[in-house]
Each structure stands twice: as structure tokens, then as C-alpha cells.
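Peer 1: have a look; sequence and predicted model below, questions after that.
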Amino acid sequence: MSADKTEYKKIQFAILKLLFNNARATSLADITKMTQKPKSDTQYHCDVLTEQRLIQSVSVPVGERFTDGFSITVLGRKTIMEQ
């Protein structure tokens, strides 16, 4: 991963917007598609947002099974609304 913090902020804000606009939990795979980054990079950004309590880890139903996903928190919604 490059050390460009401006790019990191853009990716993290895009993840927040996706979760805000979806208004439901979203799988890590779908977030990865949106960011167009490797899964490990996307997981890093989701981990940072989780540490900041802007998103939370959840299980997302996919057919008859569950997968890793994320949903936006109240603090995350507030962050989006104040931008």
C-alpha cells in the first residue's frame, strides 16, 4: 500500500458513503468491488473505520449462508451528514 494519506481518506470516505447510501449492511466483497482495491487493502480501510467507530463489523446473509460485512454506525452517519 502506498503512503498517500489523502488517497486513504478518499477511499475511507467512499466506503462510508456507500454504507450510508445503501442503508443496510454490505458485504466486504461488495465494498472491495466499489473501491477497486485488493481485498487486503479494503479490509485495512474497514479496520481503520471500525477503530474510529464509524462502521461496525456484521454478518451479511448471502443465500443460505453468511459472509463478513459492515454497516454504518450513528457516528458514521453524523460524519457523512456534516460533510
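Peer 2: Great, that's in hand. Residues are numbered from 1 along each chain as shown.
Peer 1: select the longest helix from the chain.
Peer 2: Secondary structure assigned by DSSP state H gives helix 5-22 as the longest helix of the chain.
Peer 1: send the alpha carbons of that one over as CSV?
Peer 2: C-alpha atoms of helix 5-22 as CSV (Å, rounded to 0.1, in the frame of the first residue of the first chain):
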residue,chain,number,x,y,z
LYS,A,5,-2.8,9.6,3.3
THR,A,6,-5.0,11.8,1.1
GLU,A,7,-5.9,8.7,-1.0
TYR,A,8,-6.6,6.7,2.2
LYS,A,9,-9.1,9.4,3.3
LYS,A,10,-10.8,9.4,-0.1
ILE,A,11,-11.2,5.6,0.0
GLN,A,12,-12.5,5.6,3.6
PHE,A,13,-15.0,8.4,2.8
ALA,A,14,-16.2,6.4,-0.2
ILE,A,15,-16.8,3.4,2.0
LEU,A,16,-18.7,5.5,4.4
LYS,A,17,-20.8,7.0,1.6
LEU,A,18,-21.5,3.5,0.2
LEU,A,19,-22.8,2.2,3.5
PHE,A,20,-24.8,5.4,4.2
ASN,A,21,-26.4,5.3,0.7
ASN,A,22,-27.2,1.5,0.9
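Peer 1: what is it packed up against?
Peer 2: helix 28-35, helix 39-51, strand 55-62, strand 65-72, helix 74-81 (3 or more Cβ pairs under 8 Å, 6 or more residues apart in numbering; DSSP states H and E). C-beta here means a position set from N, CA and C on the backbone, and glycine is covered the same way.
Peer 1: need the residues that contact that helix.
Peer 2: If you take Cβ atoms under 8 Å, 6 or more residues apart in numbering as the criterion, helix 5-22 is touched by 26, 31, 34-35, 37, 41-42, 45-46, 48-49, 54-55, 70-72, 76-77, 79-80, 83.
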